[in-house]
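Q: sequence-free structure coming up:
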């Protein structure tokens, strides 16, 4: 009698067959919660090969022929970015251009963030092997910043001022160390990321914010920050933030003396910028103590449009 459970297939076909069974993960080194998270990653085509192989070998699958290799085609760029909530909530006063650089760096770290979400420790990620002299170098093309050659000098001045970042309760004098070519009109520059900061850029322990790259990278300075914040709370649908916390988050304490100035210069322009133009925007009310003219708390309601299919 032929055993219908015996078949040969690719690793993805085998994994898809395996996860149909009850308690398919029971002999693996992963618990139920992690297994169902990995199942969702597989369905989203993001589960690393090594994880799939661990599961299959633990439930009785074996490789029956050597793997076949071919030159990898150019991947379709991801339309969305996953970034640690700690990055979303860090206190900084980046310019619009500096925010663009940060988003591009995070875009280049997506595979590592996927690995961290799959359970890899930082030291076992692929990018860790690329660290040299306690820092990672990432190439940034001026074209990705939508900057013309005659503006390269302005970019250099701006990027050299990546400073005073509060991340996870720590103050860093800089987030990146830029390195520019001596050649005039070189089409790129490098950012050097210290290992301790790189670890935080891919740290998923405090949760993940998912947002659409195109919206974030083309928004205004404050529009990008607030868009990321509401994306962090998109599933919850609402959140509150003390006014003092809001001001520290955007480093507004010494820029505006009253809340009305903050509302007029920051909150309302961003509301107009995002309203019905992005995948989510916000409505906001203020909470006041009795007799006070300045609110002590901001109450945000996150409004979502119909889900956009980003393929990622």
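A: Thanks, I have it. Source: prediction; values computed, not measured. Residues are numbered from 1 along each chain as shown.
Q: Looking at the residue nearest the centre of the chain now. What's its pLDDT?
A: Among the residues of the chain, the one closest to the centroid is residue 83, at 1.8 Å (Cα atoms, centre = their mean). Note for residue 83: predicted pLDDT of 96.
Q: Roughly how far does it sit from residue 94?
A: As defined by Cβ to Cβ, to the nearest Å, residue 83 lies at a distance of 14 Å from residue 94. No exception for glycine: its C-beta is placed from N, CA and C like everyone else's.
Q: who touches the nearest residue in space to residue 46 that is not next to it in sequence in this structure?
A: Excluding the flanking residues, the one nearest residue 46 by Cβ to Cβ, 6 or more residues apart in numbering is residue 114, at 5.4 Å. By Cβ atoms under 8 Å, 6 or more residues apart in numbering, the residues touching residue 114 are 41, 46, 48, 82.
Q: ok, now residue 128?
A: By Cβ under 8 Å, 6+ apart, residue 128 lies in contact with residue 122.
Q: quick check, it in a strand?
A: No: read with DSSP: H, G, I helix; E, B strand; the rest coil, residue 128 is helix and lies in no strand.
Q: Numbering from 199 from now on, please.
A: Okay, residue one is now 199; in that scheme the one you just asked about reads as residue 326.
Q: what separates it from residue 400, distance-wise?
A: Distance of residue 326 to residue 400, given as Cβ to Cβ: 9 Å.
Q: same check, this time on residue 260
A: Plainly put, residue 260 is 33 Å away from residue 400 if you go by Cβ to Cβ.
Q: domains in this structure, as residue ranges please.
A: As given by automatic domain parsing, the domain ranges for the chain are 199-271, 277-416, 432-510.
Q: With distance to residue 426 as extra columns, can I get those in CSV?
A: As requested, the domains of the chain are arranged in CSV below (distance: least, Cβ to Cβ, whole Å):
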stretch, distance to residue 426
domain 199-271, 21
domain 277-416, 5
domain 432-510, 10
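Q: quick one: which of these is nearest residue 423?
A: When the domains of the chain are compared by Cβ to Cβ, domain 432-510 sits nearest residue 423, at 6.3 Å.
Q: Give me the mean pLDDT for the closest one.
A: What domain 432-510 shows for mean pLDDT is 91.
Q: got any ranges where the stretch 199-348 of the chain has weak pLDDT?
A: For the stretch 199-348 of the chain, applying pLDDT under 70 flags the ranges 199-206, 262-276.
Q: All the strands of it, residue numbers only.
A: 278-282, 333-339 (DSSP state E, counting those that start in this stretch).
Q: Would you point to the one among those strands that's packed deepest?
A: Sort these by mean neighbour count, taking mean count of other Cβ atoms under 10 Å, and strand 278-282 sits at the top with a mean of 23.
Q: what's that one in contact with?
A: Around strand 278-282, the neighbours that count as contacts under Cβ under 8 Å, 6+ apart are 301, 304-305, 308, 311-312, 315, 398-402, 404-411, 414, 426, 508, 510.
Q: Repeat the analysis, applying 6 Å as the threshold.
A: For strand 278-282, the external contacting residues (Cβ atoms under 6 Å, 6 or more residues apart in numbering) are 304-305, 311, 401-402, 406-411, 508, 510.
Q: what do you get for stretch 346-365?
A: With Cβ under 6 Å, 6+ apart as the test, stretch 346-365 has contacts from 288-290, 293, 295-296, 345, 370-374, 376, 378, 383, 398.
Q: and of these, the nearest to residue 227?
A: Closest to residue 227 out of the contacts of stretch 346-365 is residue 398 (26.9 Å), distances taken as Cβ to Cβ.
Q: buried stuff in stretch 444-455?
A: Buried positions in stretch 444-455, judged by neighbour count with 16 or more other Cβ atoms under 10 Å: 444-445, 447-448, 450.
Q: nope, stretch 236-248 is what I was after
A: Buried residues in stretch 236-248, counting neighbours by 16+ other Cβ under 10 Å, are found at 236-237, 239-240, 244-246.
Q: Of the contacts of strand 278-282 - the most surrounded one?
A: Counting neighbours by other Cβ atoms under 10 Å, residue 409 comes out on top of the contacts of strand 278-282 with 25 neighbours.
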